[in-house]
Each structure stands twice: as C-alpha cells, then as structure tokens.
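Colleague: What follows is a protein structure lacking sequence information:
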Ligand SMILES: Cc1cc2nc3c(=O)[nH]c(=O)nc-3n(C[C@H](O)[C@H](O)[C@H](O)COP(=O)(O)OP(=O)(O)OC[C@H]3O[C@@H](n4cnc5c(N)ncnc54)[C@H](O)[C@@H]3O)c2cc1C
Ligand code: FES
C-alpha cells in the first residue's frame, strides 16, 4: 500500500520511552549538556538527526521539544549506550530541563529526521550560529573516522580537513569549543561583542576559510534563519554545495501534524511545503525558500 505522506526518513524505527538522566551539567552561559542512557536510540542515531524530549510526569509543557544529537556515549565495551544533548535555555521546557538532576525521568522519542547524508568531501566547512554547533560534533567525528553511526553502522567518506566557523553573542555563550578542537577540527570564532575571535558575523569567516583552502570545500550550516540564508548566498557565490539544518517549531516530530513545514523547491524549481521533521531537518540550501 502506498501511503501518500510517507517518507524514507519517517519515524518507522523510532523508539519511545522513559529514560533516566545521568548528568546535566552547565557548559556555558544558559547552556547545558544532558546525558542519559538509551541504547535503543544511541545505536541507530545519525549525525544531524534529533530526538523529541518531554518532561516526565507533567503536562506543562504538554508538547515535546526537538533537540539534536550532540554525541553518542559508549559503554565500557565501546558499544553505543547513551546520548549527550547540548541545549540553550530559551523557554519553558529548556529552563525546566536545566533543573533536572541525575536519576530524574525524561520522556524521549527518536531518532528522528534525515540527518546529514554521507557525502564525499575534501574540506568540510561547518558554519554554526548561536546553539547551531550541536549537530556538528558527531558529524565531525564521523568524517574524521573516529566513530561510526547507525544500525548497521554506515560508512562515511573521510574529510581531509574540517573547519568549524562558530559565532555567538559573546564568549560566555561559546559551548563545546574544546570538544571540537580535541578531535582535530580547526575552530574559527566570532562574537557580536568582540569578546573572542572576530568581532562581527560568523558568516564573515566563511570566505577566508574557503579562499585559504587548497581543498574542495563543502558547507554545512545550522543556526538562526537569517544566518543560514546569508550562508546559502555565500555558498552560491562561491559555487559550493551547502546543506542547512532547519530549526522549525515541532509538535509531533514524526510527520503527522505539519507544524514544522518549510518551503522547499523541487527539481522543476517550484516550491511546496515539506515537513522539516521527516523530510529534513537537513536540506540542500539551494532548495530552501528562505
Ligand atoms: C531539529 C531541531 C534540532 C534542535 N536542536 C537543538 C539543540 O541541539 N540545542 C538547543 O538548544 N536547541 C535545539 N533546537 C531548538 C529547540 O527545539 C528550542 O529551543 C526549544 O524547543 C525551546 O523550547 P522551550 O520550551 O524552552 O521554549 P518555548 O517556551 O517553546 O519558547 C520560548 C521562547 O524561545 C523562542 N524559541 C523557541 N524555539 C527557538 C529556537 N529554535 N531558537 C531561538 N528561539 C527559540 C520562542 O520563540 C519563544 O520566544 C532544535 C530545534 C530543531 C527543530
Ligand atoms: S512536527 Fe509534526 S509533522 Fe513535523
């Protein structure tokens, strides 16, 4: 039977259940890393996929919230065992999430979305604004050959070089820079107030990285929409392929409610609404109608 709205990354294999918080630690201003054991999701999840998270035992807030995979946590034998999620406290759910202590229950479902496709790349340029760096640690680990993801584990081509261009309001919001540097990612920073790195927009960092590189570059981008639109424009001008991970408000995360739609162009150039939770969140930048 053909289901009209079915999609290959529909949540057919998603797991839903209650997990227990192991750690919930502050990593930057208003920013936390939460860790929980969940081998069912950990062994399937791909870089760029997300999970829905909901506070257990309360209907306030009623709906779950989407949060990207930061990293898979292995057990002592190296098998995928848990998940790390890094989040910024912006509203009701994330502020309450920050108050959870180890042993607190949490409702989760996932992995969800398409994630980043494994695409051959000489120099991967990751452009992140605000909390948009979170999907990139796992992606970098995969492209550097440090970790495989998925069930069965997928083989991603290695990148010769990875650069993270990462911009925030000010240095106190920069989260996880050391995680990227430790695995060999070149990190270039910008802040609005000039407290660290380039004073100005993260998009100012893209051209110098590409122009100084002797390798063929490809861009991946995540962050506020105007910044992704600007990155897509720069990629077009530099004639580079660029993928963006869209952040849309999501209610179900599994393709039912259509709350998360974005305008996406098809091969004929016409746009239609696509569900970011199942047909995204990762799209070719040139297909997105910003
Ligand atoms: C696929 C996907 C992956 C995501 N991954 C992460 C992640 O790894 N880490 C992370 O911190 N966040 C991530 N987000 C954003 C996260 O889902 C929202 O910040 C969260 O839903 C806010 O919930 P809340 O209840 O705390 O805020 P709400 O009470 O729902 O909102 C409070 C205020 O925050 C604003 N707000 C809501 N969402 C966002 C947003 N995305 N950006 C800026 N302001 C917002 C609202 O407009 C409102 O003014 C992701 C979103 C998507 C779609
Ligand atoms: S969040 Fe419900 S369809 Fe995408």
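Modeller: Sure thing, it's come through. Remember, predicted model here, so these are calculated numbers, not experimental data. Ligands and ions are numbered 1, 2, ... in the order given.
Colleague: Would you state the helices of the stretch 51-200 of the chain in chain order?
Modeller: According to DSSP state H, counting those that start in this stretch, the stretch 51-200 of the chain carries its helices in the segments 92-97, 136-143, 177-182.
Colleague: Just put the ones you listed in a markdown table and tack on distance to ligand 2.
Modeller: In short, each C-beta sits where N, CA and C put it, glycine included. Rendered in a markdown table, the data for these read as follows (distance: least, Cβ to the nearest ligand atom, whole Å):
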| stretch | distance to ligand 2 |
| --- | --- |
| helix 92-97 | 15 |
| helix 136-143 | 22 |
| helix 177-182 | 29 |
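Colleague: Give me whichever of those helices is most buried.
Modeller: helix 136-143 (a mean of 25; mean count of other Cβ atoms under 10 Å).
Colleague: Which elements pack onto that one?
Modeller: Under the contact definition 3 or more Cβ pairs under 8 Å, 6 or more residues apart in numbering; DSSP states H and E, helix 136-143 sits against strand 71-74, strand 123-129, strand 161-168, helix 177-182, strand 217-222.
Colleague: circling back to that earlier point, could I get the helices of the stretch 51-200 of the chain as TSV with mean pLDDT?
Modeller: Conversion of these to TSV gives the following (pLDDT from 0 to 100):
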stretch	mean pLDDT
helix 92-97	97
helix 136-143	98
helix 177-182	98
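Colleague: separation between the closest residue to ligand 1 within the stretch 1-150 of the chain and residue 33?
Modeller: With Cβ to the nearest ligand atom as the measure, the residue in the stretch 1-150 of the chain that lies nearest ligand 1 is residue 91; the distance is 2.1 Å. With distances defined as Cβ to Cβ, to the nearest Å, the gap from residue 91 to residue 33 amounts to 18 Å.
Colleague: same deal with residue 180?
Modeller: Residue 180 sits 14 Å away from residue 33, taking Cβ to Cβ as the criterion.
Colleague: likewise residue 60?
Modeller: 24 Å.
Colleague: top helix in the protein by residue count?
Modeller: Secondary structure of the chain per DSSP state H: the longest helix is helix 225-237.
Colleague: Going C-terminal from that one, what's the next secondary structure element?
Modeller: As assigned by DSSP states H and E, the chain's next helix or strand after helix 225-237 is strand 242-245.
Colleague: burial of residue 213, as a residue count?
Modeller: The number of residues packed around residue 213, counting by other Cβ atoms under 10 Å, is 15.
Colleague: Report the beta-bridge partner residues of the residue nearest to it when sequence neighbours are not counted.
Modeller: Setting aside the residues directly before and after it, residue 213 is nearest to residue 123 in space (Cβ to Cβ, 6 or more residues apart in numbering), at 5.0 Å. The residues listed as beta-bridge partners of residue 123 by DSSP bridges are residue 161, residue 217.
Colleague: wait, residue 123 sits on residue 211?
Modeller: No. Shown here, residue 123 and residue 211 do not form a contact pair, counting by Cβ atoms under 8 Å, at 11.7 Å.
Colleague: These two: which has the busier surroundings?
Modeller: residue 123 (20 against 9).
Colleague: List the contacts of that one.
Modeller: Applying Cβ atoms under 8 Å, 6 or more residues apart in numbering, we find residue 123 in contact with 159-163, 213, 215-218.
Colleague: ok, those vs ligand 1, which is closest?
Modeller: The nearest one, if we look at the contacts of residue 123 relative to ligand 1 and count by Cβ to the nearest ligand atom, is residue 162, at 18.9 Å.
Colleague: Tell me who's in contact with residue 65.
Modeller: The contact partners of residue 65, taken as Cβ under 8 Å, 6+ apart, are 52-54, 93-94, 250.
Colleague: again, only this time at 7 Å
Modeller: The contact partners of residue 65, taken as Cβ atoms under 7 Å, 6 or more residues apart in numbering, are 52-53, 93.
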